[in-house]
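Participant: Quick one, what's the 3D model for this:
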Amino acid sequence: MAESPNVRQLLEESEQHWDRLATGRRALTETHGPTSCPLCLHFAFGFPADEVCRGCPVYRKTGRTSCAGTPYQDANEAWNDGGYDTPRFQRAAALERDWLKALKEELQ
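Facilitator: Next up, the predicted model:
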């Protein structure tokens, strides 16, 4: 299924975001949360509560909001347990990056 160039670009930018988190190169204000994710910034804000995430390719793949059903949940737990600079968080962030890359390739 072909996606619009905008969605492909957002997936690419989100993959790059998670690569920075995975490799310890994140910007000072960059987080693992929705305020730093290009997909979330486009699909999660400004929508009525019952429409949040609905147009996101991650939601279309998993059928779940808030990136449930992806490695994001493990990354969030790892962050809660130790922060961004831990090997556990960086491994989980790499898995999220790889998941997004595979989704991008699947949609092309």
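
Participant: Contact partners for the closest residue to residue 13 other than its chain neighbours?
Facilitator: Distance criterion C-beta to C-beta, 6 or more residues apart in numbering; nearest residue to residue 13, sequence neighbours excluded, is residue 38 at 3.9 Å. Any C-beta I mention is one placed from the backbone N, CA and C, and that applies to glycine too. Residues in contact with residue 38 (C-beta atoms under 8 Å, 6 or more residues apart in numbering) are 10, 13-14, 17.

Participant: Kindly report the same for residue 68.
Facilitator: Applying C-beta under 8 Å, 6+ apart, the residues contacting residue 68 are residue 62.

Participant: Kindly recompute the last result at 10 Å.
Facilitator: Counting by C-beta atoms under 10 Å, 6 or more residues apart in numbering, residue 68 touches 53, 58-59, 62.

Participant: Relative to residue 107, which of the residues you listed is nearest.
Facilitator: residue 58 (10.9 Å; C-beta to C-beta).

Participant: Is that closest one in contact with residue 34, as I believe?
Facilitator: No. Between residue 58 and residue 34 there is no contact under C-beta atoms under 10 Å: 11.5 Å.
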